[in-house]
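K.L.:
sequence? don't have it. structure:
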């Protein structure tokens, strides 16, 4: 109980600290960096629910991101819905797609690389559909008209968007905290560790994994809706392309799977690394990406538990060395 309260206090302090950033600086560079780092953290937290806690690795989480993004844009441009209501619709639509994909995949026992490839395939199918149907704008995409106001979820500076994504990240952190402490979370982790053993003690793996993919997809849909409000544009390549899926899974893996703070740490480190290499080597095409990739490989090789599990990884190394000397 004490540990649970400590984690809740940590979440509150994190939210308070980030909320103070716009109060101490008006720098567009700083505010944009914090906003985009939080956006990446939201993607990573969404992926972590299914991949980290559930052990179901997805290569196509852009499927849920794109669904949320298009629902947000379509609801405003063609349905004249208020953007705040459209956000809820985006979350619900993404969760529904998650349930659909999960029901098809888990019903037939797909897991591991098979499940990863199925999610990737669904993302590609949805990308092709978005290119073909008129209500998505086809290849031209959709543009949300600019009408700055709080009621329209469009703000005159990055400060408003920073607070918006901070609220979404706070929700994602609370969902992760709940997964660590709840019976459902215990069932989910049991299914991840040994599905057959979990089933033997009365856990229903199908329903548990279905709940996890719905939660994960809902958070991913919220990220898609946020993207549309910030950039006021979406097209099939952005919505369902591999970039979003890669960003979500890499940040979660680098930060630490199945942890509360791992996705936050992973997103922050990757954004610092990306900005640093781009600024230092941006004039040499490809060099910044090579350095970025080398660092990522190093983290995965030498910190298998991610940044959040760095202490345990170091202890494991010392334990192996000690047993070897023995």
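P.N.:
Nice, I can see it. All values derive from a computational prediction rather than experimental measurement.

K.L.:
find the nearest non-adjacent residue to the residue nearest the centre of the chain, please.
P.N.:
Closest residue to the average C-alpha location of the chain: residue 43 at 1.7 Å, with C-alpha atoms, centre = their mean. Leaving aside its sequence neighbours, residue 43 sits nearest to residue 248 (C-beta to C-beta, 6 or more residues apart in numbering; 4.0 Å). In this view, the C-beta of every residue, glycine as well, is placed from N, C-alpha and C.

K.L.:
repeat that for residue 116.
P.N.:
Counting by C-beta to C-beta, 6+ apart, the nearest residue to residue 116 once its immediate chain neighbours are dropped is residue 59, at 4.4 Å.

K.L.:
distance of the residue nearest to the centre of the chain relative to residue 78?
P.N.:
Per C-beta to C-beta, to the nearest Å, residue 43 is found 26 Å from residue 78.

K.L.:
rewinding a little: quick check, the residue nearest to the centre of the chain in a helix?
P.N.:
Yes. Under DSSP: H, G, I helix; E, B strand; the rest coil, residue 43 falls within a helix.

K.L.:
that one reaches residue 246, doesn't it?
P.N.:
No. Using C-beta atoms under 8 Å, residue 43 is not in contact with residue 246, being 9.9 Å away.

K.L.:
related to what we said a few turns ago, burial measure for the residue nearest to residue 43, as a count.
P.N.:
Other residues within reach of residue 248 by the criterion other C-beta atoms under 10 Å amount to 30.

K.L.:
i'd like the first residue to be 38 from this point on
P.N.:
New numbering, starting at 38: the last item is residue 285.

K.L.:
any idea how far it is from residue 261?
P.N.:
11 Å.

K.L.:
quick check: neighbours shared by the two?
P.N.:
When contacts are counted by C-beta atoms under 8 Å, 6 or more residues apart in numbering, the set common to residue 285 and residue 261 consists of residue 102.

K.L.:
now do the buried residues in stretch 48-63.
P.N.:
Neighbour-count burial for stretch 48-63 flags 48, 51, 55, 58-59 (criterion: 16 or more other C-beta atoms under 10 Å).

K.L.:
could I get those as JSON lines with distance to residue 186, pLDDT and secondary structure?
P.N.:
As requested, the buried residues of stretch 48-63 are exported to JSON lines (distance: C-beta to C-beta, whole Å; pLDDT from 0 to 100; DSSP: H, G, I helix; E, B strand; the rest coil):
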{"residue": "48", "distance to residue 186": "30", "pLDDT": "96", "secondary structure": "helix"}
{"residue": "51", "distance to residue 186": "29", "pLDDT": "97", "secondary structure": "helix"}
{"residue": "55", "distance to residue 186": "24", "pLDDT": "97", "secondary structure": "helix"}
{"residue": "58", "distance to residue 186": "23", "pLDDT": "96", "secondary structure": "helix"}
{"residue": "59", "distance to residue 186": "18", "pLDDT": "95", "secondary structure": "helix"}
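
K.L.:
coming back round to it: SS state for the residue nearest to residue 153?
P.N.:
When states are read from three-state DSSP, the local structure at residue 96 comes out as coil.

K.L.:
which pLDDT does the model give it?
P.N.:
In this prediction, residue 96 carries a pLDDT score of 94.

K.L.:
that one and residue 155 touch, don't they?
P.N.:
No. The pair residue 96 / residue 155 is not scored as a contact, 9.0 Å apart, by C-beta under 8 Å.

K.L.:
what's the overlap in contacts for these two?
P.N.:
Counting by C-beta under 8 Å, 6+ apart, no residue touches both residue 96 and residue 155.

K.L.:
centre of the chain to stretch 282-295, how far?
P.N.:
Between the centre of stretch 282-295 and the centre of its chain there are 8 Å (C-alpha atoms, centre = their mean, to the nearest Å).

K.L.:
cool, stretch 143-158 as well?
P.N.:
Distance, stretch centre to chain centre, for stretch 143-158: 19 Å (C-alpha atoms, centre = their mean).

K.L.:
done for today, thanks.
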